[in-house]
Structure formats: C-alpha cells, structure tokens
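**Student:** Got a predicted structure plus its sequence, pasted below:
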Amino acid sequence: MRVERCFYGPLGFFAVGLLAMAAPVLAQSSDLPRVHVIATGGTIASSASGLIGVEQLLAGVPALRDVAQITFEQALRVGSSRVTPEDWLALAGRIDAVFRDDPQVAGVVVTHGTDSMEETAFFLDLVVGDARPVVVTGAMRSADAVGADGPANLLSAARVAGDPAARGRGVLVVMNDEVHEARFVVKAHTLRVQAFASPESGPVGTVEAEGVRFRRGSAPRPGPFDLSGVQALPEVGIDYSFIGAPGDALRRATESGMSGVVVAAFGSGRVSEGQAAEIGRALNEGVVVVLSSRVGSGLARDEYGGGLASGGRNVLSAGILNPQKARVLLMVALTQTRDMGELARIFLHYS
C-alpha cells in the first residue's frame, strides 16, 4: 500500500508519500528507523529523458528496504545551479515541519545537485535546530550512466540519517561512502566520484559494510539562527581577486545598496589596488565586507600587513570559510544584526 497526498507550499507543488510494508517499490520493516527523503533534482535524478522523480529515484535503490522506512517528497526538480535563496528558506521550513510533525522520524535525507551542495548544506546547518540528522547527498554521474554513483550515495545517506550516532552533529554531506560536516566540506573536483573533501578536518566518518563509523565525537554546535518571519535573505555578492582586479562586485554593491560583499582574496588576505579602493568606498557606504581566500583551505587573515584588516578598517574575517560559505553565513547573519561587533562575534563563532 502506498499512502500519498499532495499540497502546495512555498516551493510550489510537493508530492508527499509513504512507502509502507506492502509498497510496490520497497518492502520495509516497522522495526527500522524512519527516514524522510526530500528530493530537489540534480545529477542524481538526471537522465537522458530529463530529471526523474523521487519515486523512480527510490525504486532504483531496492536495498533501502533493509535500511529504513522511507517517506518522501519532491520539493524541487532542478539542477543545483538553479537553486535560489528563496528555495533555501522553503527547504529549511519543510525540514523543520517534518521534525515538528513527526517525532518518530530519525532523520532527513536531502538529494541535491553537487554544484551548490556545500552551500545548501551549510545554510541548513546554520538554521535547522533539531538534533536529528539532516544528510545531504547527490551524485557525480547521472542516473542512467554506466557506474552511476547515486544509488550507493542515497543508500549510504539513509544509513547515516537513521543512525543514532549521527544525532547532534549538524548537517552532514554523504558522498562516496564518506561523511563530511557541512562547515568543512567542499566540492574539490569537477567530475570524479570522490569529488567531495574536507581540507581542514577530513571526513568525520565513513559508511562501511558493517555500518556507519564516526572517527570523532560530535563537537558542541552554536545555536541555530531563527529565521522565522524572514521572507528573503539579504543580497550579498562575491568579489574575486586576480591580477589587476578592479573590484567590480564591490563597486556594484556600493552603487546598488547591496548588504554585503565577500572578497575572495589572494593567499591569506591580500587584494589588488583596485579592490582596496573599492573596499574603502563600500565601507563608507555601510556595506559589510568579509575577507575570505580564493586558495581553498587555510585561514583568511592579514598576516602580511598593509592589507584589509590593518589601518582600522572594519573588515570581517571569514576564518576557514571559503568565499561561497562566507557569503551564506553573512546572508544569514545579516537577518539578525548589522552591528559590526556582533557580526564579528558570529564569524568567529561559526567559522
């Protein structure tokens, strides 16, 4: 028996279903943990005929019946380069609702494209407060490719979401049998199935034949940001450093009234002359500027002297966050405050 209902929500049309014991796709034991799957599209759902739906996606992983009781919904059906901040807000709202309405749900799996997976995972990590795990997964190969990795990733993600040891660890990304924390994980290769890595920490765990193995305990997490009542996130841009960079994104932010800009600086915090001038103008206009690095790992700070953080300039450090994640944190933080001291505390705490 398959119980299914549909409703219209902030993301549009949701199909919500329950794969019960006699379901034609999965036969499941009521002794297994209940895991809710929210599908958003991406390569994991990509085929020559288009993006497949969540039911077809789940049907391709019959081993799920041995891992969890699966409930599901189709939230989006897009490549992750098309995901918007509005979609983030709606997705977080749906996850909160799942946890609020069903205390028996062990965890949530979000299937997602890999292009912006690290950003969506980090956003959810900042705003979802329930201790139960949210696990984001996807695929580097399309659903109809030879050697498709999506089914194995989805199965591993469901195992992690149903594991009690995953509670309290925040949002996790599961790819290629590795478990990564949302704050640290990055997409490090454009094509390989082992595309995701955590340069600053390494994976927090692995998914083995015997079960999920976490390599270290869960660290205390900062409290989530309360976005109740937030209808739109502040607009924040990224200005990239390169030889002769004029600071175009910084200039646009100043001229358009954008809330903030993240600078993807050289090394650990150097910028071009053009960027330095535009940073000064942006600060004078009240635009919040955050210093990150284009390198990919390591702290962003003004260790050379004479850069952004010197001379009394009120520029925030992104810490270990790469530019895209620093942007996510700034967007969320600006919904709470524009006080520079409080923003600095937030970046120190979360990065």
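**Tutor:** Received the coordinates, thanks. Numbering: from 1, shown residues only.
**Student:** Kindly state the pLDDT recorded for S30?
**Tutor:** Reading off the confidence values, S30 has pLDDT 75.
**Student:** Buried by neighbour count: which residues of stretch 187-205 qualify?
**Tutor:** Residues 187, 193, 195-198, 200-201, 203-205 are the ones in stretch 187-205 that count as buried (16 or more other CB atoms under 10 Å). (Each C-beta comes from the backbone N, C-alpha and C, glycine too.)
**Student:** Now, the residues you listed that are in strands?
**Tutor:** Cross-referencing the buried residues of stretch 187-205 against strands under DSSP state E gives 187, 196-197, 205.
**Student:** Which parts of this protein are helices?
**Tutor:** 54-59, 85-101, 117-127, 150-161, 248-256, 273-284, 323-333, 340-350 (DSSP state H).
**Student:** To S292, which of those helices lies closest?
**Tutor:** Proximity to S292, assessed across these by CB to CB, is greatest for helix 323-333 (4.4 Å).
**Student:** Test my guess that S241 contacts Q275.
**Tutor:** Yes - the pair formed by S241 and Q275 meets the contact definition of CB atoms under 8 Å, at 6.4 Å.
**Student:** who has more neighbours, those two?
**Tutor:** Using other CB atoms under 10 Å, the more surrounded residue of S241 and Q275 is Q275, with 28 against 21.
**Student:** list the helices and strands the longest strand seen in the chain packs on?
**Tutor:** The single longest strand within the chain, with elements called by DSSP E, is strand 69-78. Helices and strands in packing contact with strand 69-78 are listed as strand 12-19, strand 34-41, helix 54-59, helix 85-101; criterion 3 or more CB pairs under 8 Å, 6 or more residues apart in numbering; DSSP states H and E.
**Student:** excluding its backbone neighbours, what's nearest E285?
**Tutor:** Excluding the flanking residues, the one nearest E285 by CB to CB, 6 or more residues apart in numbering is T254, at 4.9 Å.
**Student:** mind listing what the one you found touches?
**Tutor:** When contacts are counted by CB atoms under 8 Å, 6 or more residues apart in numbering, T254 is found next to 278, 281-282, 285, 287.
**Student:** show me what contacts A157?
**Tutor:** For A157, the set of contacting residues under the criterion of CB under 8 Å, 6+ apart consists of 109, 111, 135-137, 174.
**Student:** scratch that, T337 is what I was asking about
**Tutor:** Under the criterion of CB under 8 Å, 6+ apart, the contact list for T337 reads 343, 346.
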